[in-house]
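# Fold the following, please.
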Amino acid sequence: MAERVLVDGGAGFLGSHLCERLLARGCEVLCLDSLITGRRENLQPLLANPRFRFLQHDITNPITVDGPLDVVWHMASPASPVDYGRYPIQTLKVGALGTHNILGLCKAKGAAFLLASTSEVYGDPQVNPQPESYWGNVNPIGPRGVYDEAKRFAEALTMAYHRVHGLKTHIARIFNTYGPSMRLEDGRAVPTFIGQALRGEDLTVYGDGSQTRSFCYVDDLLDGLERLMRSDVADPVNVGNPDEHTILDIAQQIIQATGSKSRIVFKPLPQDDPKTRRPDIRRAKTLLGWEPTVDLAEGLRRTIAWFRAAPSLIPRLA
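All right, here's what the predicted structure looks like:
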């Protein structure tokens with residue numbers, strides 16, 4: 001019998017890629033999304049599949065599911081500074097109430113659970129790279145705190161359900177991820193720079209561009225998540241690419257890859273913007289046998305090609 005899975009936040013960037021991958025594995029997929037930041041367009045290629053069902057639902061409200069449920073992928077949350085800046089209360093609620101509701105569903109169904117946590121739990125880190133043992137440097141009342149603390153609470157709640165109820169749980173600390181179907185306007189560096197370059201606009205770099213990030217291509221990221229779900233590892237695991245680049249370097253690579261004549265302009269650095277972000281992936285290598293395989297140049301090539309070909313973006317990218 002096909003594995004029956006639930007993906008909340010399934011209309012988002014990562015969630016929609018995950019739904020597509022699970023369907024290709026032969027799973028029966030129930031996708032939930034409130035569509036605050038998720039997009040129906042991401043699910044359009046999946047709707048004709050008889051093993052796929054979409055339900056518009058806000059998981060901060062109770063949810064019941066008829067029949068058995070084997071696995072739950074908890075992907076829901078605004079995930080970019082633009083989004084959680086626009087929806088701070090919803091972000092806190094989905095991390096707290098949403099996680100509680102979904103864990104309760106898993107307990108009732110005996111389903112395995114994976115929390116899509118984030119490298120943001122490390123805040124503006126004082127160690128580089130960041131291992132899972134690092135407790136972080138988070139400003140709980142700053143503008144990014146709504147996302148950081150929502151995920152930190154979700155991790156604590158997940159571990160409580162694991163310890164108290166014996167629930168099979170996993171926590172993935174996801175680092176910067178990119179690829180096809182990202183929203184150009186979500187405020188993250190790669191889609192923002194690609195959109196600006198394809199439109200011939202100036203690329204906006206915050207600060208002097210010396211802050212670093214490590215970008216993981218979406219296919220690699222999902223491979224890591226699947227390996228984690230199949231494992232017996234309950235403690236958090238970093239999933240990301242340890243290849244570190246400055247933001248200025250990313251902007252320059254995208255200008256070159258698109259053939260754009262755009263210039264780079266600099267704007268003030270936002271409050272609490274991390275100066276470094278790089279995963280220590282030794283735990284993923286050792287426990288999951290996982291490490292990324294797609295380098296930045298190839299990942300950017302695939303992502304730029306998708307944006308060039310996306311019909312809904314042609315008017316804006318002309």
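# ok, Gln196 touching Ile264?
No - Gln196 lies out of contact with Ile264 (Cβ atoms under 8 Å); the separation is 9.7 Å. C-beta: built from backbone N, CA, C; applies to glycine.
# More neighbours: these two, which one.
Counted by other Cβ atoms under 10 Å, Gln196 and Ile264 do not tie: Gln196 has more neighbours, with 22 against 16.
# Show me which residues of the strand or helix carrying that one are buried.
Element membership for Gln196, per DSSP states H and E: helix 189-199. Buried residues in helix 189-199, counted by 16 or more other Cβ atoms under 10 Å: 189-198.
# from these, which is closest to Glu291?
For the buried residues of helix 189-199, the residue nearest Glu291 by Cβ to Cβ is Val190; the value is 20.4 Å.
# Measure how far stretch 279-299 is from the centre of its chain, please.
The chain centroid and the centroid of stretch 279-299 are separated by 16 Å under Cα atoms, centre = their mean, to the nearest Å.
# pLDDT below threshold where in this protein?
272, 311-318 (pLDDT under 70).
# Please, where are all the helices along it?
13-24, 81-86, 88-93, 99-109, 145-165, 189-199, 218-229, 247-258, 282-283, 296-309, 314-317 (DSSP state H).
# okay if I get the ones you listed as JSON lines plus distance to Pro125?
Formatted as JSON lines, those follow (distance: least, Cβ to Cβ, whole Å):
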{"stretch": "helix 13-24", "distance to Pro125": "22"}
{"stretch": "helix 81-86", "distance to Pro125": "17"}
{"stretch": "helix 88-93", "distance to Pro125": "21"}
{"stretch": "helix 99-109", "distance to Pro125": "24"}
{"stretch": "helix 145-165", "distance to Pro125": "12"}
{"stretch": "helix 189-199", "distance to Pro125": "18"}
{"stretch": "helix 218-229", "distance to Pro125": "20"}
{"stretch": "helix 247-258", "distance to Pro125": "16"}
{"stretch": "helix 282-283", "distance to Pro125": "16"}
{"stretch": "helix 296-309", "distance to Pro125": "21"}
{"stretch": "helix 314-317", "distance to Pro125": "35"}
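# closest to Met182 out of those?
Shortest distance between Met182 and the helices of the chain, using Cβ to Cβ, is found for helix 189-199: 4.3 Å.
# and the closest one, what does it pack onto?
strand 203-206, helix 247-258, helix 296-309, helix 314-317 (3 or more Cβ pairs under 8 Å, 6 or more residues apart in numbering; DSSP states H and E).
# could you check the angle helix 13-24 makes with it?
Counting by axes from the mean of the first three to the mean of the last three Cα atoms, to 10 degrees, helix 189-199 lies at 100 degrees to helix 13-24.
# For helix 189-199, C-alpha coordinates in CSV please.
Extracted C-alpha coordinates of helix 189-199, given in CSV (Å, rounded to 0.1, in the frame of the first residue of the first chain):
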residue,chain,number,x,y,z
ALA,A,189,19.2,37.3,-2.0
VAL,A,190,19.2,34.8,-4.9
PRO,A,191,15.7,35.4,-6.4
THR,A,192,16.0,39.1,-5.7
PHE,A,193,19.3,39.4,-7.5
ILE,A,194,18.1,37.2,-10.4
GLY,A,195,15.0,39.3,-10.9
GLN,A,196,16.9,42.5,-10.8
ALA,A,197,19.5,41.2,-13.2
LEU,A,198,17.0,39.9,-15.7
ARG,A,199,15.1,43.2,-15.7
